[in-house]
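Chemist: Turn this into a structure:
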Amino acid sequence: MKKQLKQIDKDSVALHLDTAVYAISTRTKEDNSGLAWQLLSSRNWEALPISVGGRSIVPWGTFNTFPSQIRDIVEANNLAPGIIDRQMGLLYGQGLYLSKIVYDDGKPRRLWLQDEEIQAWLDGWDYKGYIKGCMSDYLHLRCFFTAHFLERGWRIGRPARISHLEHLPASNCRLEWVNSRNLADVSHIIVGDFERGCYTTGITTLPVFDRANPAAHPVSASYNRSAAYGRDFYSVPQYFGSLNWILRGSNIPTIFKYVTENGINVAYHVHSPQVFWEKKRSILADIHPEWSSEDLDAAINAAMTEQLNHLTEVLSGDKNSGKFLHTVDYYDADSNEVVSWKVEPIDQKMKDFVESQLKISDASVSAITSGMGLHPALSNVMVQGKLASGSELMYAHKLFQLSDVQIPSEVLLRNINEAIAFNFPHKKGIELAFYHQAVEVEENVSPSNRIKNQQPL
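Modeler: Numbering: from 1, shown residues only. Modelled structure (predicted):
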């Protein structure tokens, strides 16, 4: 069998065999349009299981890398990471504190309190770091995974207690497949480096945490989510429908970059008369009769390059104001112009191009902020060239607290509050909650408590 390897270009080769030709390329695509196609073209990822490490799992995304793809799309955008960080700050409020619900005149309110026993258990592990990790996954994907660890004392007959909780990155977790397609029937969660096919880490199989019997397993895992309509297993982010806008907004700076670096950007069209060069060629041929035709062509090309370099120096640069260009025109016997050099400016319509791209950028800003569920006033985004007023900011903040805090808080704090209830059954009703201080206009605040008069902590 004859083998022949031919270079196609710097990134590709062709392997010629007797019966076939194979093209091999190492070229990579620099843009992220493929991510959009993968995420948006086929949304029925959960139709069939895939096998990883001998276990059947529910795939997450077209190539089982949905969390990693979302990460890459969000990180490449100039707005999305800041919006998610702002949502995290608004949701976290002034911190995590113990509390219980009490009723005044039939209306519920939260009573904030201290409990040394529960607080000592919380301080024994990084509960704030756990919550922040879960919150990051939840705001990106609307779901997160948790590992539940029991104290070892149960092995020697002590009452079973939960030692601590650990956030499991969503990119490393998958649900085991169940034919019933019922999330409640999933019995195991598979942990591994799915972004790289688990080749180096292998997989770890954890039983699903039993909420009815938290002491059923020494180590278990739970999947926590806000349900997504029409999806049996994994949730999708709130902004899933805005991914194309996020990608478009991310591409605009890249478009400007390539237009600046690789665009033609021709400012002038220089007309060079053929007679001028023929005359030069004739003069050179008379001076150097020994030159061949190739020698004359090379000399003319060198002269042309020198002439055009001179034109470039005159026509370009910020410091060329006042320079002039001199050329000689040719006339016939009747003083009619025959040939001449011409320099004509070219309208590149760059202003129209830039304005159209900026309009697309403005539209993407609106689509991204609305798709991610945060009012532009809270996103610190300029709308129609102006920032929100103080009253708009205050009412947007109040609306967020009234409508966008409770559901995420219940999902995020469910595991830790169930652990508190299991470990301290005698302290009924005490739970961890996010504390949010009420925002008031400065006119309604006493002078000593106004922001400008507050002493730093």
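
Chemist: so what's His397 closest to, chain neighbours aside?
Modeler: Val439 (5.4 Å; Cβ to Cβ, 6 or more residues apart in numbering). To be clear about C-beta, it is placed using only N, CA and C from the backbone, and glycine gets the same treatment.

Chemist: That neighbour: what's it in contact with?
Modeler: 394, 397-398 (Cβ atoms under 8 Å, 6 or more residues apart in numbering).

Chemist: before we move on, what about Arg248?
Modeler: Counted by Cβ under 8 Å, 6+ apart, Arg248 has contacts 360, 364.

Chemist: Which element, helix or strand, includes it?
Modeler: If you go by DSSP states H and E, Arg248 is part of helix 243-262.

Chemist: Following that helix in sequence, what is the next regular element?
Modeler: Taking DSSP H and E, what comes next after helix 243-262 is strand 268-271.

Chemist: Quick check: can you name the pairing partners of that next one and their directions?
Modeler: Partners of strand 268-271 in the sheet, by DSSP bridges, are strand 342-345 (antiparallel).

Chemist: what's the distance between the partner strand and the middle of its chain?
Modeler: 46 Å (Cα atoms, centre = their mean, to the nearest Å).

Chemist: List the residues that contact the closest residue in space to Thr200 that isn't next to it in sequence.
Modeler: Distances taken as Cβ to Cβ, 6+ apart put Asp193 closest to Thr200, at 6.5 Å, once the chain neighbours are dropped. Residues counted as contacts of Asp193 (Cβ under 8 Å, 6+ apart) are 172, 199-201.

Chemist: please redo it, this time with the cut-off set to 7 Å
Modeler: Going by Cβ atoms under 7 Å, 6 or more residues apart in numbering, Asp193 touches 172, 200-201.

Chemist: try Glu46
Modeler: Counted by Cβ under 7 Å, 6+ apart, Glu46 has contacts 58-59, 231-233.

Chemist: Can you say which of those are buried?
Modeler: The neighbour count (16 or more other Cβ atoms under 10 Å) marks 58-59, 233 as buried among these.

Chemist: Just name the closest of the contacts of Glu46 to Val275, please.
Modeler: Nearest to Val275 among the contacts of Glu46, counting by Cβ to Cβ, is Pro59 at 71.1 Å.

Chemist: Is Gly133 in contact with Leu165, as I believe?
Modeler: No: with contact defined as Cβ atoms under 7 Å, Gly133 does not reach Leu165; the gap is 10.2 Å.

Chemist: Looking at the two, which is more packed in?
Modeler: For Gly133 versus Leu165, the count of surrounding residues by other Cβ atoms under 10 Å is larger for Leu165: 22 against 19.

Chemist: measure the residue lying closest to Leu90 once chain neighbours are set aside to Ile246 for me?
Modeler: Distance criterion Cβ to Cβ, 6+ apart; nearest residue to Leu90, sequence neighbours excluded, is Phe400 at 5.7 Å. Taking Cβ to Cβ, to the nearest Å as the measure, Phe400 falls 21 Å from Ile246.

Chemist: These two - which one has more neighbours?
Modeler: Ile246 (24 against 20).

Chemist: Okay, that one and Gly124: tell me how far apart.
Modeler: 40 Å.

Chemist: residue ranges of the helices in the stretch 201-350 of the chain, please?
Modeler: Taking DSSP state H, counting those that start in this stretch, the helices of the stretch 201-350 of the chain run over residues 243-262, 274-287, 293-315, 350-371.

Chemist: Which one of those helices lies nearest to Ala120?
Modeler: Closest to Ala120 of those is helix 350-371 (Cβ to Cβ; 42.1 Å).

Chemist: Average pLDDT for the closest one, rounded please.
Modeler: If you average the pLDDT over helix 350-371, you get 71.

Chemist: what does it contact?
Modeler: 79-80, 83, 239, 241-242, 245-246, 248-249, 252, 255, 376, 379, 381.

Chemist: With stretch 208-218 instead?
Modeler: Contacts for stretch 208-218 (Cβ under 7 Å, 6+ apart): 148, 150, 154, 160, 162, 186-189, 207, 220-222, 418, 422.

Chemist: I'd like to know which of the buried ones among the contacts of Glu46 is nearest to Arg109.
Modeler: Phe233 (37.3 Å).
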